[in-house]
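Visitor: Fold the following, please.
(one chain, ligands or ions: 1)
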Amino acid sequence: MSQSPPTALVTGANRGLGLETARQLAARGYRVLSASRDPRGEADRWTLDVTDARSIAALAERLTRENLRLDVLVNNAGISMKGFDAEVVRRTLAVNLYGAIAVTDALVPSVRDGGAIVMVSSGMGELSAFAPALRARFLDAGLTRAALIDLVRSFESAVEKGRHVAEGWPASAYRVSKAGINAWARLLARELAPRRIRVNAVCPGWVRTDMGGDAAPRSVDAGAASIVWAATYDGGSGQPTGGFFRDGHAIPW
Ligand code: NDP
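Guide: Residues are numbered from 1 along each chain as shown. I've put the predicted structure just below:
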C-alpha cells in the first residue's frame, strides 16, 4: 500500500531562503507546494501575492478543491526596504506582518492537526530594540489579535506624526514587522494548541540572499536548515511551540 508523502507549502519560494527551504523539504520526502508571485515551470508552482486578498483566497480555494492537507506551512515571503518613512512602514508591514497573518488565517483550515507552521522571522525583531513599555505590551501573555494590531497601528501612526522615537519604537519598519510576527507566532501557538499544531518563529541568521547581500556570513543552505528544523522537528510529545529559534536553539524575544 503506498502512502502519500507529507505536504509542505512555502511562500516566497522562487528564490533565496524560500527556494532552498523548498529544496530541503523535498529532499526529506515532502511534496512541496512552492508559492510565489510569479510561478514558472513545473507542477506544484502556486501563485501567491501575500498582500493580495484575492490571491490568498484563490490559493486557499485551490487547496480545498484539490483536497490537499498541509503538514507544514512556511511563511517565508518577506521584504526589507531601504529608507524609513510612513510608506516604507506601510509596505513592509503589508508583506512581513499583515500578509503573513492573512495567509496563515486562510490556510489554517487546510493544515492537518499535529502539523507545523513556521514564521520566518529575524533576530532584528528582538525586543531589546524597543522601549520597556512597548516590550511589555508585545510580551503580554494575554495579547489578543486586536491588541497586537492596535499596537502595530500605533507604530504606523507614530511614524506619520514623527513621534516614533519619542514613543520608544526603533526607526525600522523591518524590526517592528518581525517583532509583530513573533508576537503573532506566540498567540497563534496558543490558539492552535487544541489542534496540536506547532507554531514557531525562526531566525535563519544573516544569509547571503538578495536580501542579505554578499557580505552575509551564512550560506543559504545553513539559513534554510534553521527553518527546516522547525518545520520538521519531531521530538515526540515534548515538541516546542510558541518559541523563537535559530539553528534549533531558543533565542530571546
Ligand atoms: P529574498 O529577498 O531573497 O527573497 C524574498 C522572497 O519573498 C522572494 O521569493 C519574494 O518574491 C518574496 N516576496 C516578497 N514580497 C512578496 C509578496 N508580496 N508576495 C509573495 N512573495 C513575496 O529574501 P530572503 O530569502 O533572504 O528572505 C526570506 C525570509 O527570510 C524573509 O522573511 C526575511 O525577512 C527573512 N530573513 C532573511 C535574512 C537574510 O539575511 N537573508 C535574515 C533574517 C530573516 P519575488 O521574487 O516575487 O519578489
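Visitor: so who does Arg218 touch?
Guide: For Arg218, the contact set (Cβ atoms under 8 Å, 6 or more residues apart in numbering) comprises Pro204, Gly205, Trp206, Val207, Arg208, Gly212. In short, each C-beta sits where N, CA and C put it, glycine included.
Visitor: do that again at 10 Å, thanks
Guide: By Cβ atoms under 10 Å, 6 or more residues apart in numbering, the contact list for Arg218 reads Pro204, Gly205, Trp206, Val207, Arg208, Thr209, Gly212, Ala224, Ala225, Ser226, Asp247.
Visitor: Buried ones among the residues you listed?
Guide: The neighbour count (16 or more other Cβ atoms under 10 Å) marks Pro204, Gly205, Trp206, Val207, Arg208, Thr209, Gly212, Ala224, Ala225, Ser226 as buried among those.
Visitor: correct me, but the third one touches Met124?
Guide: Yes - here Trp206 reaches Met124: they are 9.3 Å apart, a contact under Cβ atoms under 10 Å.
Visitor: Which parts of this protein are strands?
Guide: Secondary structure of the chain (DSSP state E): strands located at 7-11, 31-36, 45-47, 70-75, 111-120, 198-202, 244-246, 249-250.
Visitor: Now the fifth one: average pLDDT?
Guide: Model confidence over strand 111-120, given as mean pLDDT, is 97.
Visitor: The second one too?
Guide: Mean pLDDT, strand 31-36: 96.
Visitor: Show me what it pairs with in its sheet, parallel or antiparallel.
Guide: Paired neighbours of strand 31-36 in the sheet (DSSP bridges): strand 7-11 (parallel), strand 45-47 (parallel).
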